[in-house]
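[1] Any chance you can model this:
(one chain, ligands or ions: 1)
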Amino acid sequence: MMRTHYCGQLNETLADQEITLCGWVHRRRDHGGVIFLDIRDREGLAQVVFDPDREETFAKADRVRSEYVVKVTGKVRLRPEGARNPNMASGAIEVLGYQLEVLNQAETPPFPLDEYSDVGEETRLRYRFIDLRRPEMAAKLKLRSRITSSVRRYLDDNGFLDVETPILTRATPEGARDYLVPSRTHAGSFFALPQSPQLFKQLLMVSGFDRYYQIAKCFRDEDLRADRQPEFTQIDIETSFLDEQDIIGLTEGMIRKLFKEVLDVELGDFPHMPFSEAMRRYGSDKPDLRIPLELVDVEDQLKDVDFKVFAGPANDPKCRVAALRVPGGASMPRKQIDDYTKYVGIYGAKGLAYIKVNERAAGVEGLQSPIVKNIPLDNINVILDRVGAVDGDIVFFGADKAKIVSEALGALRIKLGHDLNLLTCEWAPMWVVDFPMFEENDDGSLSALHHPFTAPQCSPEELKANPATALSRAYDMVLNGTELGGGSIRIHRKDMQQAVFDILGISPEEQQEKFGFLLDALKYGAPPHGGLAFGLDRLVMLMTGASSIREVIAFPKTQSAACVMTQAPGLVDNKALRELHIRLREQPKAE
Ligand code: ASP
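    Purely as a prediction, here's the structure:
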């Protein structure tokens, strides 16, 4: 081994020892006759001083430039009192350099690493191998590794087996588009990359493995809205003979232990909340419980008012009219309300009605609002009482299709929580339970809310009779308004699985063609089983405080699902296409 210590590990206890460092020149400073090199490796920085007494070494130190790879041997010494740097792990010491060897030179890097600079993400991704040298980035990847090892340790200790499942496979439906891989040996046929290991992990339960986990790559070809990646990582878990409470307890224990070990955070209670309550109170199936604002339904007060904007939705069962009280919000300037109106527009809301409660005792006179003249005061008072409005508050309203109102006010709630600094705690974990089995598409057909292998809370007969209202045995873990993981008890009987396929409009032939192997497995002694999967990237993002999952993935794709470093996806030559039995409809333009 060339090095004796990592830079970031040097401290006072090593004073007077001779050590050898290997790393990159982070910064080079010339200080009236002495040269300072800050050497960097993955554990941090160390300051090395070269003085002119050692002529040859000094001359070398004079020639090195940023990002040269060097090996330095020297002696650790305490820095003089005033020269200590509390922001540096090794800031109490420095190294007096005796020998310096340049292991490799470097051209001037495309962006400086030694000072904060606002380099565009495209450039950072193009030179990711340099970007990852930055201490902030290295810290995130190191934390990610500590997270996966904590998780593995917990699962290993609890009797889970790590089993790999195929990447070249058939479609595993999780509601996204598949990435397809053409087969050379089977002309015209395609593999699909797994959207998750779902069916394989279920089959492992049928095989008797009982407790499985895998830190698994999943692939979903979605339009990359928001913060998604075409390939991402799940902590994938499946168990047999446990019910939802067991699985919730086991995995909650894993997350608690993880936060304690890695961040020294004690996560408090994980309240359980039915999906319907989450939607009603927070307008979201992943409520951020750090924010103390709530949506309150008020349609009963607005059914007969002479104001279509409210009366219409209040009388339509597919619609919702809800109020959101913001304590102290009456002082909000007009401009801010306009901005929030624009914001809810993103979610399809056509406006944002409000009442500023200046002085409740003064009746209508005390309310400042474009809508109060349209609503009888008695009804207004019921509404204000219901939301708990007091002088100085503002109450916002949403009236539209239920989905639009929930999404718009739900998002506004979060935005207000951050804008007005209302967060009540740092971490708010919870479980959302009792999800519906299905959601209705625009054409009236049904889709699985979780995936088609999720067990309902009822019998196949009841399910067939009332699919739209049936609840599932699914559960999601939510942290700070982010879905960390989700899972369910699975269907383990063939008749139930077929009932669900029928409801989803999958014909018996198609069932056989696509899921014949699963239906077979369910015939040959499938145990009751269930599990869940955590999104590792999001978990790491939350735990590192990163702003995007791209910041915690070593080599992420851009928003357009490309890798700007390797230039993937790339063109292939005609010979390769021919072998794959593929002819392109258009000749690609050279990029
Ligand atoms: N396969 C599911 C998913 O990827 C998780 C699960 O049900 O275990 O969302």
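[2] Might you name the residue of the stretch 1-150 of the chain sitting closest to the ligand?
    With Cβ to the nearest ligand atom, the shortest gap between the stretch 1-150 of the chain and the ligand falls at residue 148, namely 17.6 Å. C-beta coordinates here come from the backbone N, C-alpha and C atoms, glycine included.
[3] Confirm that residue 95 lies within a strand, as I assumed.
    Yes - assessed with DSSP: H, G, I helix; E, B strand; the rest coil, residue 95 lies in a strand.
[4] so it touches residue 38, yeah?
    No - counting by Cβ atoms under 8 Å, residue 95 does not reach residue 38; the two are 10.6 Å apart.
[5] ok so, going back, now the residue of the stretch 1-150 of the chain closest to the ligand: closest residue in space, sequence neighbours ignored.
    Sequence neighbours aside, residue 215 is the residue nearest to residue 148 in space, at 5.9 Å (criterion: Cβ to Cβ, 6 or more residues apart in numbering).
[6] Tell me the pLDDT of the one you found.
    Looking at residue 215, its pLDDT stands at 98.
[7] residues in contact with the residue of the stretch 1-150 of the chain closest to the ligand?
    Neighbouring residues of residue 148 by Cβ atoms under 8 Å, 6 or more residues apart in numbering: 215, 235, 536.
[8] any idea how far the ligand is from the last one?
    Right, the one you point to is residue 536. 12 Å (Cβ to the nearest ligand atom, to the nearest Å).
[9] Quick check: bridge partners of the residue nearest to that residue when sequence neighbours are not counted?
    Nearest residue to residue 536, sequence neighbours excluded (Cβ to Cβ, 6+ apart): residue 233, at 4.2 Å. Taking DSSP bridges, one obtains residue 217 as the residues bridged to residue 233.
[10] Let me know whether residue 233 touches residue 215 as I believe.
    Yes - using Cβ under 8 Å, residue 233 is in contact with residue 215, at 6.2 Å.
[11] More neighbours: these two, which one.
    residue 233 (23 against 16; other Cβ atoms under 10 Å).
[12] I'd like the average pLDDT over the host helix or strand of residue 140.
    Counting by DSSP states H and E, the element that carries residue 140 is helix 135-157. In this model, helix 135-157 has a mean pLDDT of 97.
[13] heads up, I number from 533, so please use that
    Will do, 533 is the new start, and the previous item becomes helix 667-689.
[14] Tell me which stretches of the stretch 683-832 of the chain form strands.
    Along the stretch 683-832 of the chain, counting by DSSP state E, counting those that start in this stretch, strands occupy 693-694, 712-714, 722-724, 743-751, 763-772, 804-806, 827-829.
[15] How many residues are close by the closest residue to residue 906 other than its chain neighbours?
    Nearest in space to residue 906, with sequence neighbours left out and distances taken as Cβ to Cβ, 6+ apart, is residue 839 at 3.6 Å. Counted with other Cβ under 10 Å, residues neighbouring residue 839 total 16.
[16] wait, residue 839 sits on residue 902?
    No - judged on Cβ under 8 Å, residue 839 makes no contact with residue 902 at a distance of 10.7 Å.
[17] chain center to stretch 905-923: distance?
    Put simply, stretch 905-923 sits 39 Å off its chain's centre (Cα atoms, centre = their mean, to the nearest Å).
[18] typo on my end, it should be stretch 971-990
    Chain-centre distance of stretch 971-990: 24 Å, with Cα atoms, centre = their mean.
[19] Quick one: end-to-end distance for that stretch.
    By Cα to Cα, to the nearest Å, the extent of stretch 971-990 from end to end equals 17 Å.
[20] what comes up buried for it?
    Of all the residues in stretch 971-990, those buried under the rule 16 or more other Cβ atoms under 10 Å are 978, 980, 981, 982, 983, 984, 985, 986, 987, 988, 990.
[21] does the fifth one really touch residue 734, like I thought?
    No - shown here, residue 983 and residue 734 do not form a contact pair, counting by Cβ under 8 Å, at 10.6 Å.
[22] Can you tell me which residues in the stretch 633-782 of the chain are near the ligand?
    Taking Cβ under 6 Å from any ligand atom as the measure of proximity, the stretch 633-782 of the chain contacts the ligand at 706, 728, 730.
[23] Among the residues you listed, which one has the most neighbours?
    Highest neighbour count within those: residue 730, with 24 neighbours (other Cβ under 10 Å).
[24] Could you double-check that that one sits in contact with residue 985?
    Yes - using Cβ under 8 Å, residue 730 is in contact with residue 985, at 6.4 Å.
[25] Give me every residue in the protein lying close to the ligand.
    Residues of the chain lying near the ligand (Cβ under 6 Å from any ligand atom): 706, 728, 730, 983, 1018, 1019, 1020, 1063, 1064, 1065.
[26] and the gap between the first one and residue 747?
    Counting by Cβ to Cβ, to the nearest Å, the gap between residue 706 and residue 747 amounts to 17 Å.
[27] and what of the third one?
    When Cβ to Cβ is the yardstick, residue 730 and residue 747 sit 15 Å from each other.
[28] How about the second one?
    When Cβ to Cβ is the yardstick, residue 728 and residue 747 sit 13 Å from each other.
[29] who touches both of the two?
    Residues touching both residue 728 and residue 747 (Cβ under 8 Å, 6+ apart): 766, 768.
[30] Would you mind measuring from residue 989 to residue 770?
    According to Cβ to Cβ, residue 989 stands 20 Å off from residue 770.
[31] should've said residue 710
    For residue 710, the distance to residue 770 - Cβ to Cβ - is 21 Å.
[32] the more surrounded of those two?
    The neighbour count for residue 710 versus residue 770, taken as other Cβ under 10 Å, is higher for residue 770 (29 against 20).
[33] Just the pLDDT for the more buried one.
    Reading off the model, residue 770 has pLDDT 98.
[34] try the one 4 residues further on
    Reading off the confidence values, residue 774 has pLDDT 98.
[35] For it, the count of nearby residues, please.
    Neighbour number of residue 774 under other Cβ under 10 Å is 19.
[36] Then the one 4 residues further on?
    A total of 12 residues lie near residue 778 under the criterion other Cβ under 10 Å.
[37] What of residue 660?
    19.
[38] Not counting sequence-adjacent ones, nearest residue to whichever residue of the stretch 733-882 of the chain sits closest to the ligand?
    The nearest approach of the stretch 733-882 of the chain to the ligand comes at residue 766, 6.1 Å away (Cβ to the nearest ligand atom). Closest residue to residue 766 apart from its sequence neighbours, by Cβ to Cβ, 6+ apart: residue 1065 at 4.2 Å.
[39] Contacts only, for the one you found.
    So residue 1065 contacts 728, 748, 766, 767, 768, 769, 1017, 1018, 1019 (Cβ under 8 Å, 6+ apart).
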